[in-house]
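Novice: sequence first, then the predicted structure:
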Amino acid sequence: MKRFLMILVMGLLVLVSNPFNKVWSLTLKETKDLAKKRDREAVAESESEIKMKSGEENVIYNFWAIRYNDFIKEASYQKVFHDYCGDTTPTSTTFLLDVESCWWQEENRLLSKWKISINVSARDEFQRLLDQTYKKSFENAKQFSRGVVDRGGSSKQSYDYARGVHVTKFHYYKRRKEIFVRYAAIDSAKTYAESKKEKKSEENNNKIVAAASGTGFFVTRAGHLITNHHVIEGCKSVKVSFKGNEIEAKTLAIDKVNDLAIIKTTINPSKVYSVSNQDVSLLQDIIIAGFPLGKKVSSAIKIHKGSVTALAGYNDNYSNFQTDATINQGNSGGPIMNQKGNVVGVAVATWVEEGVQGVHFAIKSSTLKTFAKSNSVNFLPPNSREMSNAELGKLITEGTVFLECWMTVAKIKKMIAQAENRKAFYSKYK
């Protein structure tokens, strides 16, 4: 190992270039001391570690810091420049040039080996710094070697060259660390921001929110309600709005094929619907009650009147009938009644197609009664007399309720993505 390589080489070069010079008359102590000081500074800077930072936002920064600190154990000025490249006996005036070339090649190799180029920009900046340092050092070595050959040596010349070598390398190592720290901080901040965004997205996906709405109606004083299966499908909970309160309902039974569901609350309503023993007839007048478009228009119950326009539903489904009474999203699960207040159907779907109007579908009362009977839910006997509009209005207002489906955001996204989806999701999720 040659700790003071530059001074020794300088002396040898002087002897080679001009044996008549009085080399040993030079005051070497001062030259050695100054060179040693600059050398120590360069070695210390090359071995200067990056300090760790606390906090979860610095996890990636600390990862890169560990990588860098391991890298400099092998890529220090002492190990590369002195021990590896300078650990040979000088034999010619090109020795200093060979040492600089060796340093440049070894630095390139170690940068690649340890993969400390955090990204393309960092890699390019490291390479520019290394190439510029090498170019400057190589040129200085060439000028010094030529000057020794042409004019002989002097203590001033020797000191200037030694100092220049060490100072140049000192600034290289300082700048190398600065570049690394800057890009490590950028990468860490970017990664942390992305992880926070992903975490927030995951938290949002797991958040349970009010997702969609529908309509239901009471059929027993014990709190049994009828609605569509698609209204409650996928819900974490179904909440019933009743007289200003939200009461969670329990699902008792579902019929996916006919799109029906029975749910129950702790509510004991004063008004409940009876169900007709007879299915509708063609041209029969009907009334639909519900909450079309949820509460977007208003929170008040809404009705539409119309007539039965076909005794079968879509694709000749005879468990349904067709009507021209308007059914919108949010009407689903609502009661369709006659003037006696008897339920003759359950609103279920509407035909959505450009140029098509007034084509809506409902589930027949016979299908509803079969489903309810199979699940031990008994309806009140149907009314035999027609009700006044005031009586009918009171029944509709007190016996029909707004239903809200609560589910996770992830579930909302999944269901909206499905081709067959009749759920009345709120517009902010669409």
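Specialist: Great, that's in hand. This structure is a prediction, so every number in the text was calculated from the model and none was measured.

Novice: Q78 reaches S46, doesn't it?
Specialist: Yes. Proximity of Q78 to S46 meets the contact threshold set by CB atoms under 8 Å, at 7.3 Å. Glycine gets a C-beta too; all of them are placed from N, C-alpha and C.

Novice: neighbour count winner among those two?
Specialist: Relative neighbour count places S46 above the other of Q78 and S46, with 22 against 17, counting by other CB atoms under 10 Å.

Novice: and V165, what is it in contact with?
Specialist: M6, R38, S137, N140, A141 (CB atoms under 8 Å, 6 or more residues apart in numbering).

Novice: helix, strand or coil for it?
Specialist: Taking DSSP: H, G, I helix; E, B strand; the rest coil as the rule, one finds V165 in the helix state.

Novice: sorry, back to before: keep only those of the contacts of V165 that are in helices.
Specialist: In this view, the contacts of V165 that belong to helices under DSSP state H are M6, R38, S137, N140, A141.

Novice: now, among those, which is nearest to D259?
Specialist: When these are compared for distance to D259 (CB to CB), S137 comes out closest, at 81.8 Å.

Novice: element containing the nearest residue to that closest one once chain neighbours are set aside?
Specialist: Computed as CB to CB, 6 or more residues apart in numbering, the closest residue to S137 that is not its neighbour in sequence is E100, at 4.9 Å. For E100, the host element (DSSP states H and E) is helix 95-114.

Novice: repeat for S332
Specialist: No secondary structure element spans S332, as it lies outside all helices and strands (assigned by DSSP H and E).

Novice: which residues does it contact?
Specialist: G214, T215, T227, N228, H230, V231, G290, A347, V348, A349, R422, A424.

Novice: which of the residues you listed lies closest to S54?
Specialist: Set against S54, the nearest of the contacts of S332 by CB to CB is A424 (49.6 Å).

Novice: confidence score at the closest residue to the closest one other than its chain neighbours?
Specialist: Taking CB to CB, 6+ apart as the measure, A424 lies nearest to Q329, with 3.8 Å between them; neighbours along the chain are not counted. Q329 carries a pLDDT value of 89.

Novice: Q329 contacts L293, doesn't it?
Specialist: Yes. Assessed by CB under 8 Å, Q329 is found in contact with L293 at 6.5 Å.

Novice: need the residues touching each of these two.
Specialist: Common neighbours of Q329 and L293 are listed as A424 (criterion: CB under 8 Å, 6+ apart).

Novice: report the contact partners of the closest residue to E56 other than its chain neighbours.
Specialist: The shortest distance from E56 to any residue that is not its chain neighbour, by CB to CB, 6+ apart, is 7.5 Å, and that residue is Y192. With contacts defined as CB under 8 Å, 6+ apart, the neighbours of Y192 are E56, E57, V59, I60.

Novice: are any of these buried, and if so which?
Specialist: I60 (16 or more other CB atoms under 10 Å).

Novice: restricted to strands, list the contacts of Y192.
Specialist: In strands, defined here by DSSP state E, there are no members of the contacts of Y192.
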